[in-house]
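A.B. asks: The amino acid sequence is not available; the structure is as follows:
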């Protein structure tokens, strides 16, 4: 009962002092707001870039051309064998007839030529279309497949794929570093402003100690206050994220410039970002005030 | 029965300044003791060691049977709850009302709201400020602010009230007013230890006086035997 009463009073005091130290609280809140906005933008951009690279990677396909002399049984055997390699996501068989039919659709001139082919004169190969799990190892897997006896050739966009992969890798790395740096800067900025608000109340802490408040009960209202500040500071970035991103998404109808840069659909993405922002604000607010108060406690 | 005991207490600050030399002092329950001396004589250090803001370098200090020197930092609050402290600069929270300032000292113990209210009003009544309970400190005069600080110090009915130059910022008339309040508290059975510069007032009050000089206790005047005109 006693503990609850103290806890209740600390919550009351935490909220009260946000209002009582309004100008300083506003300074903290606006600092949190701005840093969280930047974090929100970084989160949205990096997640979108990530989703684009992911989609491009999913389009990477290894095409294996099967020796014309292979029998049906051999083809099935081959398929099973390739399927057992550990980097294989999926494998589909495409007969030369299917490929010819597909090509016919692309132009009428071509379709006339193709129509003249019979099963025997069709110069195309039966193929396997193979998707790999890990695109990093695509060349290794392609080599493995091309070593098979009944495979005459393997194509996966050699050269192009490698350079794309290395670009993606670089972009991803840069994104992670930028995100980490931003979060660190946000942490630093927020803890510092909160520290300043609390440093100005050094006296309050001193008096609390003098009248016999335990370290724990001194810290509690400040930590709750930090929680409030973090929460209030995250509101504007959350609103901007939810409405702003949805508006951008609708305005560009889901893609930037070309279908290649498809945006991540607004829901539930914005809510996840909103949750992250709120969590970040609250946690950083609490850590900031905890650290600041600790400085004035003899422990 | 000795309520406060100093036994061979030495205090040297970390920067090498010697504040207290080999001090022995006994204070009985319910006594009213003035600690006087020039600036730098060790008055404040003595007071600070009583409420365990400073630790003696060697020796023992007992307050109500507890060896204060041995109290851990994290347990200091338990000691502080048993003593009231009044400072020269009042140390009131400017953003809290008079009532809240006093209630603050009780709420941290988790007392029920009704009990807090009863005790706070009683303490404010004792210092004669019940009518100002909704004011903020900066709306009060210096003497009134100090009385609020006294109310806060005694609201928990401590056995010991420590005062560090409580009248240092006040004019003589207001000082006397504050002293009257403290004397009233003493009459109710609370032991009082007060550091002060105000020799005139000490003279008027006719209490026990402890004179410090350069960290040494040089004279201990029995109740009423101190006179300002002795030339010390």
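C.D. replies: All right, it came through fine. Since the model is a prediction, treat every value here as computed from it, not as a measurement. Numbering: from 1, shown residues only, chains lettered A, B, ... in the order given.

A.B. asks: Going by C-alpha atoms from here, please, whenever you check contacts or count neighbours.
C.D. replies: Fine.

A.B. asks: now the host helix or strand of residue B:186: how far from the chain's centre is it?
C.D. replies: Residue B:186 is located in helix B:172-187, with elements delineated by DSSP states H and E. Centroid separation for helix B:172-187 versus its chain: 13 Å, with C-alpha atoms, centre = their mean, to the nearest Å.

A.B. asks: which helices and strands does the next helix or strand after it pack with?
C.D. replies: Once helix B:172-187 ends, the next helix or strand along the chain (criterion: DSSP H and E) is strand B:191-196. Packing contacts for strand B:191-196, counted by 3 or more C-alpha pairs under 8 Å, 6 or more residues apart in numbering or on different chains; DSSP states H and E, involve strand B:32-36, helix B:43-50, strand B:160-164.

A.B. asks: where does the chain have low pLDDT?
C.D. replies: In the absence of a named chain, chain A is used. A:1, A:298-299 (pLDDT under 70).

A.B. asks: other chain: chain B
C.D. replies: Chain B contains residues with pLDDT under 70 at B:1, B:228-232.

A.B. asks: Kindly report the residues of it close to chain A.
C.D. replies: By C-alpha under 8 Å from any C-alpha of the partner chain, the residues of chain B that approach chain A are B:73-81, B:84-85, B:91-93, B:95, B:105, B:107-112, B:153.

A.B. asks: what about residue 7, which helix or strand?
C.D. replies: Just so you know, I chose chain A. Judged by DSSP H and E, residue A:7 forms part of helix A:2-20.

A.B. asks: my bad, the chain I had in mind was chain B
C.D. replies: Using DSSP H and E, residue B:7 sits within strand B:2-12.

A.B. asks: same thing with residue A:279?
C.D. replies: Here residue A:279 is assigned to helix A:266-295, by DSSP H and E.

A.B. asks: elements contacting that helix?
C.D. replies: helix A:22-59, helix A:160-199, helix A:215-239, helix A:245-251.

A.B. asks: Sort out which residues of the first one are buried, please.
C.D. replies: By 16 or more other C-alpha atoms under 10 Å in any protein chain shown, the buried positions in helix A:22-59 come out as A:24-44, A:46-53, A:57.

A.B. asks: quick one: that helix to helix A:266-295, angle?
C.D. replies: Here helix A:22-59 runs at an angle of 140 degrees relative to helix A:266-295 (axes from the mean of the first three to the mean of the last three C-alpha atoms, to 10 degrees).

A.B. asks: Tell me the first helix or strand C-terminal of helix A:22-59.
C.D. replies: Using DSSP H and E, the helix or strand that follows helix A:22-59 towards the C-terminus is strand A:62-66.

A.B. asks: what distance separates that next one from the centre of its chain?
C.D. replies: Relative to its chain's centre, strand A:62-66 lies at 33 Å (C-alpha atoms, centre = their mean).

A.B. asks: residues in chain A within reach of chain B, list them.
C.D. replies: Counting by C-alpha under 8 Å from any C-alpha, chain A comes close to chain B at A:2-3, A:5-6, A:9, A:20, A:203-204, A:207-215, A:217, A:298-299.

A.B. asks: give me the number of residues near residue A:241?
C.D. replies: Neighbourhood size, residue A:241 [other C-alpha atoms under 10 Å in any protein chain shown]: 23.

A.B. asks: Next: residue B:171.
C.D. replies: 11.

A.B. asks: Then residue B:37?
C.D. replies: Residue B:37 is flanked by 24 other residues according to other C-alpha under 10 Å.

A.B. asks: Likewise for residue A:175?
C.D. replies: Neighbour tally, residue A:175, other C-alpha under 10 Å: 19.

A.B. asks: The one 5 residues further on too?
C.D. replies: Residue neighbour count, defined by other C-alpha under 10 Å, stands at 13 for residue A:180.

A.B. asks: where does residue A:90 land in three-state SS?
C.D. replies: Under DSSP: H, G, I helix; E, B strand; the rest coil, residue A:90 falls in the strand class.

A.B. asks: residue contacts, it?
C.D. replies: A:83, A:130-132 (C-alpha atoms under 8 Å, 6 or more residues apart in numbering or on different chains).

A.B. asks: of all those residues, which comes closest to chain B?
C.D. replies: Of all these, residue A:132 has the smallest distance to chain B: 60.5 Å, by C-alpha to the nearest C-alpha.

A.B. asks: circling back: rebuild the helices and strands packed on helix A:266-295 as TSV, extending it with distance to residue B:54.
C.D. replies: Shown next, in TSV, are the helices and strands packed on helix A:266-295 (distance: least, C-alpha to C-alpha, whole Å):
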stretch	distance to residue B:54
helix A:22-59	33
helix A:160-199	22
helix A:215-239	17
helix A:245-251	58
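
A.B. asks: What separation is there between the residue nearest to residue A:66 when sequence neighbours are not counted and chain B?
C.D. replies: Closest residue to residue A:66 apart from its sequence neighbours, by C-alpha to C-alpha, 6 or more residues apart in numbering or on different chains: residue A:151 at 4.6 Å. Distance of residue A:151 to chain B, given as C-alpha to the nearest C-alpha, to the nearest Å: 77 Å.
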